[in-house]
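Participant: Predicted coordinates and the sequence they were generated for:
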Amino acid sequence: MKWTLGKTAIWMMLTVAVATMAYATAQEPQLPEGDGKKILQADCTACHGLEDVVNSHMDKKGWEDLVQSMIGNGAAVDEKDFPVLVSYLVKNYGPAAEGGQQAAPAAAASGDGKSILENSCTSCHDLDLVQDQKLSKGEWQDLVKSMIGKGASVEDKDMPVLVDYLAKTYGK
């Protein structure tokens, strides 16, 4: 009787382990083929999953800035791999227009919104917190208003620029 219970327990543990691994594998986003895929898998997933990557839709400047920031935080992206990775990210996860077509680069100066973010928001918050939000434009606006109410140094004229940047770079 003991042997039967032991075999049953082992069988159940194996079944749960296999199901857990299958579930985890199914949750990981599938990446399109391309020159930067291996770089992304090797260098970026050492610290985080791919969910943030596949949900971000940035232009070339946005991806360059983000990858450079990650390198500054310790990502091991070789200098020769940098343009390959950025090209892959722009091609597959650039700003998407209706129907999945690539949108034209934004005419607004995203550098202005980025500099407001870096100068005002990061004095209290890490950029990871901002990147994890994935809010709509209205939700970003409410959050920025709330932060201004708590003392964030964002001028009234800068608020729409910051909100637009946040919605385009870290929006839903």
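Facilitator: That came in fine, so what should we check first?
Participant: now the helices for this structure?
Facilitator: 2-27, 37-39, 51-55, 60-72, 82-93, 110-116, 127-131, 137-149, 159-170 (DSSP state H).
Participant: most packed of these?
Facilitator: A comparison of the helices of the chain by mean neighbour count, using mean count of other Cβ atoms under 10 Å, puts helix 159-170 on top with a mean of 21. The way it works is simple: take the backbone N, C-alpha and C, and place the C-beta from them, glycine included.
Participant: Distance from the chain centre to that helix, please.
Facilitator: In terms of Cα atoms, centre = their mean, to the nearest Å, the centre of helix 159-170 is found 15 Å from the chain centre.
Participant: Provide the contact partners of that helix at residue level.
Facilitator: Helix 159-170 is contacted from outside by 56, 58, 62, 95, 106, 108-110, 112-114, 116-117, 120-121, 130-131, 133-137, 140-141, 144-145, 148, 154, using Cβ atoms under 8 Å, 6 or more residues apart in numbering.
Participant: check contacts around Val154.
Facilitator: When contacts are counted by Cβ under 8 Å, 6+ apart, Val154 touches 116, 120, 144, 147-148, 162.
Participant: how about 7 Å then?
Facilitator: Contact partners of Val154, counting by Cβ atoms under 7 Å, 6 or more residues apart in numbering, are 116, 120, 144, 148, 162.
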